[in-house]
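[1] coords please:
(2 chains)
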Number of protein chains: 2
Amino acid sequence: MENDTTKTIPMQLNPVGVVRSEIKTPMLLAGESDLSLEMRMEKVKAHHREVESSISELVIDPDWEELLDGIEGFSHVLVLYWPHLLDPARRNLRKVHPMGRKDMPMQGIFATCSPARPNPVLVSAVSLVARKGNILEVKGLEAVDGSPIVDVKPYSRSYLQVDGMKMPDWMEQLHREMEI
Amino acid sequence: MENDTTKTIPMQLNPVGVVRSEIKTPMLLAGESDLSLEMRMEKVKAHHREVESSISELVIDPDWEELLDGIEGFSHVLVLYWPHLLDPARRNLRKVHPMGRKDMPMQGIFATCSPARPNPVLVSAVSLVARKGNILEVKGLEAVDGSPIVDVKPYSRSYLQVDGMKMPDWMEQLHREMEI
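    Sure, this is the predicted structure:
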């Protein structure tokens, strides 16, 4: 019964703002699966370095500006955004090679950070540099320019920090190779 | 122009599953604003203890089961869910006293973890206890029974861990009082 209920709840999102960023394209494009492993990882590493140092603006709709009051007290925020360049057909993907790496075993989408997922709401913890009215300056956000913002939350210890975190070997290897 | 674009992108979520939990009601109900400070915090503390030790089930729609493959390799996952008991009118709230505490200054909604927000997608990092087919057992999820699941992601160091995290005094005080 409750399953039926949840299926009929409307869960409609409305953008509360937009990301302004020097990052204009996603890290990997779906059409690039023919890149060699080496070129692929060089591209990923370069992109990651660019993201790490970049300052993006979260331009919140002026109607919602007041909702930011007090956020200056946090060193970090959690940004929820929509990957608007994603082809909607890719919301039906089931498994992928992590970062298109054919040398790594296929993983279910929920076991990856792929933007292609049934509900493509991407989540990233970033450093809050400054607030200027309805604009937040943040550092290290991977969202491409123009991404609709779904939500901004404080980075709260109780909801987001964990102890004894362990990732599988393939993800540890990707982090090492990306020098994260 | 790009602002116009973001406003017309459809961002429709469809539940990929449902939370099964012993937690049947939210921590604080909107109608309880008349509780004394002391009673309020006792209630919050008791609720938090219950949540911390509770095991919930993320029952993923069997159609999407394959998307979980590989998630067993992670010690923690990030759960995105929808607070289905929230009155939709409360998506328009602008400021609140944190946890209804009138002794604390009003904060903009984006500076709080309030479930009442323009796009009520709640995010929680939890420990992954076991996977049994299409069901994930997780520990410490605050979602109430019946909450629609929006997404499940691996807890990835690069997207979710931060260094030198600082919260404002009011949130530090709430954490202390809740003994988190």
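
[2] could you point out the longest strand in chain A?
    When chain A is parsed with DSSP state E, its longest strand is strand A:122-132.

[3] What lies in contact with stretch A:38-54?
    Residues from elsewhere that reach stretch A:38-54 (Cβ atoms under 8 Å, 6 or more residues apart in numbering or on different chains): A:21-23, A:27-28, A:32, A:35, A:99-101, A:139-142, A:177-180. Glycine gets a C-beta too; all of them are placed from N, C-alpha and C.

[4] Buried ones from the residues you listed, can you make that a PyMOL selection?
    In PyMOL, this line selects whichever of the contacts of stretch A:38-54 come out buried by 16 or more other Cβ atoms under 10 Å in any protein chain shown:
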select buried, chain A and resi 21+23+27+28+35+99+100+101+140+141+142
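
[5] Tell me which entries of the contacts of stretch A:38-54 lie within helices.
    A:Glu177 (DSSP state H).

[6] doesn't B:Ile71 make contact with A:Met167?
    No: the pair A:Met167 / B:Ile71 is not scored as a contact, 11.1 Å apart, by Cβ atoms under 8 Å.

[7] overlap in contacts of the two?
    By Cβ under 8 Å, 6+ apart, the residues touching both A:Met167 and B:Ile71 are B:Pro154.

[8] okay, the angle between the helix or strand containing A:Lys45 and strand A:122-132?
    Assigned by DSSP states H and E, A:Lys45 falls within helix A:37-53. Helix A:37-53 runs at 30 degrees relative to strand A:122-132, counting by axes from the mean of the first three to the mean of the last three Cα atoms, to 10 degrees.

[9] Give me the neighbour count for A:Asp87.
    8 (other Cβ atoms under 10 Å in any protein chain shown).

[10] picking that back up, could you pick out which of the contacts of stretch A:38-54 are near chain B?
    A:Met178, A:Ile180 (Cβ under 8 Å from any Cβ of the partner chain).

[11] Which parts of chain A are strands?
    Using DSSP E, strands in chain A cover A:11-12, A:17-20, A:55-60, A:76-81, A:95-96, A:107-108, A:122-132, A:135-139, A:148-154.

[12] mind putting those strands in JSON lines, distance to B:Pro148 and mean pLDDT included?
    JSON lines is the format used below for these (distance: least, Cβ to Cβ, whole Å; pLDDT from 0 to 100):
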{"stretch": "strand A:11-12", "distance to B:Pro148": "7", "mean pLDDT": "94"}
{"stretch": "strand A:17-20", "distance to B:Pro148": "24", "mean pLDDT": "98"}
{"stretch": "strand A:55-60", "distance to B:Pro148": "26", "mean pLDDT": "98"}
{"stretch": "strand A:76-81", "distance to B:Pro148": "16", "mean pLDDT": "98"}
{"stretch": "strand A:95-96", "distance to B:Pro148": "23", "mean pLDDT": "96"}
{"stretch": "strand A:107-108", "distance to B:Pro148": "20", "mean pLDDT": "98"}
{"stretch": "strand A:122-132", "distance to B:Pro148": "17", "mean pLDDT": "97"}
{"stretch": "strand A:135-139", "distance to B:Pro148": "29", "mean pLDDT": "98"}
{"stretch": "strand A:148-154", "distance to B:Pro148": "16", "mean pLDDT": "98"}
